[in-house]
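Chemist: give the three-dimensional model of this entry:
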Amino acid sequence: MHVFIVYAHPSEDSFTRHVRDEFLKGLKIGNHSYEISELYKMNFKTDMSEAEYLREANYDEKLPLSEDVINEQEKINRSDVIVFIYPVFWTEAPAKLVGWFDRVWTYGFAYGNRKMKRLKKAIVLCIAGHTLEHLKEYGHYDSMKTVMLGDRIFDRAENKEIIILDGTTKFNPELRQSNWNKHLRVAFETGKNL
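Modeler: Numbers count the residues shown, from 1 in each chain. Alright, predicted model coming up:
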C-alpha cells in the first residue's frame, strides 16, 4: 500500500522522532511505499489567509487554492493510507497539525462536493506524557478520539484507529524507560502490518 504520513513535531530530539523512524522501518519491511510531510521542516503555513477563510465560509470551491494546499491534497489522493504522527499538546495535536487540517481539509475536497478519495485506512499515532488510564479517567481519551477520528477523519477512511503511546513524560523517567521499547515495537509493527 502507499502511505502518506503527516508528521508534526518541532524537534528531532524527541521520542516522537523515534516513533516516526520505527514506523518508517516497519513500512519498508512490509514493502509499503510512502511519502511524508514533515510539517515543521517544511515550514508549512498553518494560518488561514483571509481569502482562504472566505473560500471556506462561503463554500466557494471556484476560488483558488494555494499551491502548498494542492500539494498536500495530491499526496492524500495518491495514497491508500494516511498516518498522523504527533505528540499530544494539551489533549490536542500541535497547532501546526491543527492548522494543516484547517487549510488542507477544504470545501470541495474533504467536504461538500468531495474530491478527496476515501482512504482504506487512517491511523493516528500520538505520543502522550500521561498514561492511558489518566487520559481515560479525565475524559481526554474520548475527546481525542472524537476530534481526530469522529470529526477530522469521519467517513474519509474505511477503517480508522487511534494508537496512544502513553506514559512518556520525562517527569517519570522509570515509566518512560519501561515504555520506550514497547512503544517503538508498536510503531514498527503498525507500519509493517498495514
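Chemist: who's in contact with the most centrally placed residue in the chain?
Modeler: In the chain, the C-alpha nearest the mean C-alpha coordinate belongs to residue 84, at 2.0 Å (CA atoms, centre = their mean). Residue 84 is in contact with 5-6, 8, 93, 97, 122-126, 148, counting by CB atoms under 8 Å, 6 or more residues apart in numbering. In short, each C-beta sits where N, CA and C put it, glycine included.
Chemist: name the helices or strands packed onto the lengthiest helix in the chain?
Modeler: When every helix of the chain is counted residue by residue (DSSP state H), the longest turns out to be helix 173-192. The contact analysis (3 or more CB pairs under 8 Å, 6 or more residues apart in numbering; DSSP states H and E) places helix 173-192 against helix 15-29, strand 119-127, strand 157-165.
Chemist: name the SS class of residue 70, please.
Modeler: Under the three-state scheme (DSSP: H, G, I helix; E, B strand; the rest coil), residue 70 adopts helix.
Chemist: please list all residues in contact with the closest residue to residue 103 other than its chain neighbours.
Modeler: Distances taken as CB to CB, 6 or more residues apart in numbering put residue 69 closest to residue 103, at 5.4 Å, once the chain neighbours are dropped. Applying CB under 8 Å, 6+ apart, we find residue 69 in contact with 103-104, 106.
Chemist: could you report the pLDDT at residue 39?
Modeler: On pLDDT, residue 39 comes in at 98.
Chemist: that one and residue 95 touch, don't they?
Modeler: No: using CB atoms under 8 Å, residue 39 is not in contact with residue 95, being 10.1 Å away.
Chemist: now the residue nearest to residue 123 when sequence neighbours are not counted: which helix or strand?
Modeler: Nearest residue to residue 123, sequence neighbours excluded (CB to CB, 6+ apart): residue 83, at 4.6 Å. Assigned by DSSP states H and E, residue 83 belongs to strand 81-87.
Chemist: show me what that strand pairs with in its sheet, parallel or antiparallel.
Modeler: Within its sheet, strand 81-87 is paired with strand 2-7 (parallel), strand 119-127 (parallel), according to DSSP bridges.
Chemist: please convert these to a markdown table, extending it with mean neighbour count and distance to residue 193.
Modeler: Formatted as a markdown table, the strands paired with strand 81-87 follow (neighbours: other CB atoms under 10 Å; distance: least, CB to CB, whole Å):
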| stretch | mean neighbour count | distance to residue 193 |
| --- | --- | --- |
| strand 2-7 | 22 | 12 |
| strand 119-127 | 21 | 11 |
